[in-house]
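Enquirer: Got a predicted structure here, sequence first:
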Amino acid sequence: MNKNTILIAGAAAIIGFGLGYVLKTNSSTPASGEVQGTIAKPVAQVDQLNPFTNVAAIPATVDPATIRFEKLRPVQLASKTKTTTDSEACKQGQFREGDPTCQKVTVLEKVQAIEARYSYAGPAMASGETVLGRDQFSVYFRPEDLGAVGPIEKLNREQAGSLFDISTSRPTVQQKLVDKEHSHYCDGNYVDGNWVRKDASCQDQIQYINQMVPSTNLVVQVDVRRPAVTATH
C-alpha cells in the first residue's frame, strides 16, 4: 500500500467518524429552543348506537311487587355520537382538582323513541330497613312497536301501563372469592389498632377460586303485550 492510499483511507475514516458523531448528537439532543417529541393530536371516534332497550337493572334487594308504571312519552335518543379524546388534556387532568375534561362527546344523529318509565320502592338494607322514597328506571321502544296503539297522549296511566308485561330475574355471575380451605394466614394480634404478625418472616398464602354467585342486581324485562283502548273524553 503506497503513501497516497494510506492518506485517503485515513481521511475517509475521520470523515465517517465525524458524520456518525453528528448524526448521533442530532438524534439524541434537541437544538436550543426546540421541544423534543410531538404533541399528540386529539383523536375522534364515531360510534353507532342502539338506544332501544327493554331491559333495566335494579338492586336485588328491591321487592319486585313494588314496581309501578309511571308514564309513557315520546323522546329523542342519540343514535350516533363522536367522542373526541385529547390525550394532552387527559395527562394534565391528572394534576387538576376534579375530573379531567379530556373527552368531549358530540351527538351527531338522533332517533325518535317511546320511553316507558317505571318506579320502585327503595331497596332493603342489611339492617332490614327500607330506603325511603322511590327510584326510577326507563326502557325505550321504537315508535312502530306501539304503532297500533295510536297517539299515546290519549292514553291514561292505566291504559298505558296495560300495554306491557314485566318479568324479573336474578342471574348468576362469576366472582373471584378467597379459597379459605386452601389459604393460610399468619398468626398475630392487634397492637394499637394494627395487625402485627407473631412471626415477622411469615407471609400469608392466599388462594382464590372462581364461583358462580347470585348477581347484586335484578334484571327487569318489559315486553309489549297488546294495544290498549284509547281514553274517551
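Expert: On my side now, so go ahead.

Enquirer: Now V62. Nearest residue, chain neighbours left out?
Expert: Spatial nearest neighbour of V62, excluding adjacent residues (C-beta to C-beta, 6 or more residues apart in numbering): P123 at 4.8 Å. Placement of C-beta: from N, CA and C, glycine included.

Enquirer: I figured the one you found hits T61, correct?
Expert: Yes: between P123 and T61 there is a contact under C-beta atoms under 8 Å: 4.1 Å.

Enquirer: residues contacting the residue nearest to V62?
Expert: Residues counted as contacts of P123 (C-beta atoms under 8 Å, 6 or more residues apart in numbering) are I58, P59, A60, T61, V62, T130, V131.

Enquirer: quick one, phi psi at it?
Expert: phi -70, psi 160 (degrees, to the nearest 10).

Enquirer: cool, and E158?
Expert: The phi/psi pair for E158 (degrees, to the nearest 10) is phi -70, psi -40.

Enquirer: Any figure for the gap between it and F69?
Expert: Using C-beta to C-beta, to the nearest Å, E158 is found at 9 Å from F69.

Enquirer: the more surrounded of these two?
Expert: In this view E158 and F69 are compared by other C-beta atoms under 10 Å, and F69 has more residues nearby, 18 against 10.

Enquirer: worst-scoring helix or strand of this protein, pLDDT-wise?
Expert: helix 3-28 (a mean of 47; mean pLDDT, DSSP states H and E).

Enquirer: Setting the sequence-adjacent residues aside, check what's closest to V46.
Expert: K82 (5.1 Å).

Enquirer: Adjacent strands (with direction) for whichever strand or helix holds that neighbour?
Expert: Under the criterion of DSSP states H and E, K82 resides in strand 68-85. Here strand 68-85 has these sheet partners by DSSP bridges: strand 43-48 (antiparallel), strand 103-121 (antiparallel).

Enquirer: Now those strands in a markdown table, please, with extra columns for distance to A89.
Expert: Below are the strands paired with strand 68-85 laid out as a markdown table (distance: least, C-beta to C-beta, whole Å):
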| stretch | distance to A89 |
| --- | --- |
| strand 43-48 | 12 |
| strand 103-121 | 8 |
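
Enquirer: Just name the most buried of the ones you listed.
Expert: Comparing the strands paired with strand 68-85 by mean neighbour count (mean count of other C-beta atoms under 10 Å), strand 103-121 ranks first with a mean of 16.

Enquirer: From the chain's centroid, how far away is that one?
Expert: 17 Å (C-alpha atoms, centre = their mean, to the nearest Å).

Enquirer: Output it as PDB, restricted to C-alpha atoms.
Expert: C-alpha atoms of strand 103-121 as PDB (Å, rounded to 0.1, in the frame of the first residue of the first chain):
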ATOM      1  CA  GLN A 103     -63.100  13.800  26.400                       C
ATOM      2  CA  LYS A 104     -65.900  15.600  24.500                       C
ATOM      3  CA  VAL A 105     -69.000  13.700  23.300                       C
ATOM      4  CA  THR A 106     -71.000  15.200  20.400                       C
ATOM      5  CA  VAL A 107     -74.300  13.800  19.300                       C
ATOM      6  CA  LEU A 108     -74.400  13.500  15.500                       C
ATOM      7  CA  GLU A 109     -77.700  11.800  15.000                       C
ATOM      8  CA  LYS A 110     -80.900  11.200  17.000                       C
ATOM      9  CA  VAL A 111     -83.900   8.900  16.600                       C
ATOM     10  CA  GLN A 112     -87.500   9.000  17.800                       C
ATOM     11  CA  ALA A 113     -88.400   6.700  20.600                       C
ATOM     12  CA  ILE A 114     -91.100   5.900  23.200                       C
ATOM     13  CA  GLU A 115     -90.000   6.000  26.800                       C
ATOM     14  CA  ALA A 116     -91.800   3.800  29.300                       C
ATOM     15  CA  ARG A 117     -90.900   5.000  32.800                       C
ATOM     16  CA  TYR A 118     -91.300   2.900  36.000                       C
ATOM     17  CA  SER A 119     -90.700   3.400  39.700                       C
ATOM     18  CA  TYR A 120     -90.000   1.100  42.600                       C
ATOM     19  CA  ALA A 121     -89.700   1.300  46.400                       C
END
